[in-house]
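> Fold the following, please.
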Amino acid sequence: MMAGLAEGRELGVQKGYEIGQEVGFYAGCVRTWRQLQVRDPGLVTERQDRSLAALEEMIGAFPLYDPQDESLLDMLERLRGRFKALASSLGCLQDYYPKEADAGALSF
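So this is what the prediction gives:
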């Protein structure tokens, strides 16, 4: 029983980390696009600006601190879809691909 509890906790921590990392990636992209917009206001159309604002709102409303929220996975799917549509409209055809860090590649 205790082994199952420990495994469940470990899996939950891992999945939570992965979701947080993905949402953080989207938030970082939005911040970058906003900074580019400040430097060159003509870079983003009004429609793209509204999509950016909607994505910012979705990220702000994402239940990062409530892992028991039943709508979390649905919200994540909507966030992914909104991000892909916005990235495509901006010509930044990029997706979130988590990169596994190789322990041997890290150096300090």
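
> buried sites along the top helix by length along the chain?
Counting residues, the longest helix in the chain under DSSP state H turns out to be helix 2-39. The neighbour-count check on helix 2-39 (16 or more other CB atoms under 10 Å) flags 19, 22-23, 25-26, 29-30, 33 as buried. All C-beta atoms are positioned from the backbone trio N, CA, C, and that covers glycine.

> Check which helices and strands it is in contact with.
Helices and strands touching helix 2-39, as assessed by 3 or more CB pairs under 8 Å, 6 or more residues apart in numbering; DSSP states H and E, comprise helix 46-61, helix 72-90.

> Ok, which of those helices comes nearest R9?
helix 72-90 (17.5 Å; CB to CB).

> Export only the CA atoms of the closest one, formatted as CSV.
Output of helix 72-90 as CSV, limited to C-alpha atoms (Å, rounded to 0.1, in the frame of the first residue of the first chain):
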residue,chain,number,x,y,z
LEU,A,72,-7.3,21.3,-15.8
LEU,A,73,-6.7,19.0,-18.7
ASP,A,74,-9.5,20.6,-20.8
MET,A,75,-8.1,24.0,-20.1
LEU,A,76,-4.6,22.7,-21.1
GLU,A,77,-6.0,21.4,-24.4
ARG,A,78,-7.7,24.8,-25.1
LEU,A,79,-4.5,26.6,-24.2
ARG,A,80,-2.5,24.4,-26.7
GLY,A,81,-5.0,25.0,-29.4
ARG,A,82,-5.0,28.8,-28.9
PHE,A,83,-1.2,28.9,-28.8
LYS,A,84,-0.9,26.9,-32.0
ALA,A,85,-3.4,29.1,-33.8
LEU,A,86,-1.6,32.3,-32.6
ALA,A,87,1.9,31.0,-33.4
SER,A,88,0.7,30.1,-36.9
SER,A,89,-0.9,33.5,-37.5
LEU,A,90,2.4,35.1,-36.4
